[in-house]
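>>> build me a structure from this.
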Amino acid sequence: MTRARATASPDAMASAAPEETPAPTPEPRRGWREPHYVPVRVAVERLARRIDFPVVLPRDRLAGIRSYRGWLADPRHLDWRRRGGRMVGSLRLVSRRNDLWIYYGYASPDGCGGRDTAVPTKVLGEPALLWTYDRSSLLVWPVRPHGHTGTYGLSGSFEGFKLLRLARAMELALREAPPRDSGC
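Down below sits the predicted model:
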């Protein structure tokens, strides 16, 4: 049994050859801001539509945040959920040097110690608890006399006294903000 060789004409081979496609050009390298981050304004608007608490940002020049220019929000850490019949939320803001978590409606040390490891303090007369770690701090206010959770919280790569200044600024803004209608 012999096989017959099939030969194609050169014209047929040329027309059957796949077209050459140029090599894809690599995408230009993106900065630290893309694609994971969104403008702070976008994150605040998104969170404000979904929770039952006013979403205000703390601003204090001496604490290091005069404005949020140069800051971005991490949408992977934009969170809202129902807790105790109300919608609560949090967001994470980042800059090249710092990060700041802001909690609205519910704040807790999240397993990093209870009341016995915190420093009791006050935010504009409201009882508060401050936890300090190696390179970060957590502030929760107002807290009940024997609890360790609060309605609002700030945490991030700030020293404790800076979080206190930011919390005072945030509390003043909260007092001026119109109350949110929870739809009840």
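
>>> hey, let's count contacts and neighbours off CA atoms from now on
Will do.

>>> give the next helix or strand downstream of the host helix or strand of Arg46.
Arg46 is part of helix 40-48 when elements are defined by DSSP states H and E. Tracing the chain past helix 40-48, the next element assigned as helix or strand by DSSP H and E is strand 72-73.

>>> now do the contacts for the most centrally placed residue in the chain.
For the chain, Arg92 is the residue whose C-alpha lies nearest the centre (CA atoms, centre = their mean; 1.9 Å). Under the criterion of CA atoms under 8 Å, 6 or more residues apart in numbering, the contact partners of Arg92 comprise 73-75, 77-78, 99-102.

>>> the lengthiest helix in the chain packs against which elements?
Secondary structure of the chain read by DSSP state H shows that its longest helix is helix 160-176. Helices and strands touching helix 160-176, as assessed by 3 or more CA pairs under 8 Å, 6 or more residues apart in numbering; DSSP states H and E, comprise strand 119-123, strand 126-132, strand 137-143, strand 150-156.

>>> pull out the buried positions in the shortest one.
So the one you mean is strand 119-123. Buried residues in strand 119-123, defined by neighbour count with 16 or more other CA atoms under 10 Å: 121-123.

>>> before we move on, what about stretch 158-174?
Under the neighbour-count rule (16+ other CA under 10 Å), stretch 158-174 has 158-160, 162-171, 173-174 buried.

>>> pretty sure Ser95 contacts Asp74?
No - shown here, Ser95 and Asp74 do not form a contact pair, counting by CA atoms under 8 Å, at 10.4 Å.

>>> of the two, give the one with the bigger neighbour count.
When neighbours are counted by other CA atoms under 10 Å, Asp74 comes out ahead of the other of Ser95 and Asp74, with 19 against 15.

>>> hmm, who's touching stretch 150-163?
Residues outside stretch 150-163 that contact it (CA under 8 Å, 6+ apart): 62-64, 98-108, 128, 130-132, 135-144, 167.

>>> where does this structure have its least confident helix or strand?
Ranked by mean pLDDT, DSSP states H and E, the weakest helix or strand in the chain is helix 10-16, scoring a mean of 49.

>>> list buried residues within the contacts of stretch 150-163.
Applying a neighbour-count criterion of 16+ other CA under 10 Å, the buried members of the contacts of stretch 150-163 are 63, 99-108, 128, 130-132, 136-143, 167.

>>> make CSV out of the helices and strands packed on helix 160-176 and add mean pLDDT and distance to Arg41.
Converted to CSV, the helices and strands packed on helix 160-176 look like this (pLDDT from 0 to 100; distance: least, CA to CA, whole Å):
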stretch, mean pLDDT, distance to Arg41
strand 119-123, 94, 26
strand 126-132, 94, 28
strand 137-143, 94, 23
strand 150-156, 95, 18
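
>>> nearest to Gly85, out of these?
Closest to Gly85 of those, according to CA to CA: strand 150-156, at 13.8 Å.

>>> relative to helix 160-176, how tilted is that closest one?
Between strand 150-156 and helix 160-176, the angle formed by their directions is 140 degrees, by axes from the mean of the first three to the mean of the last three CA atoms, to 10 degrees.
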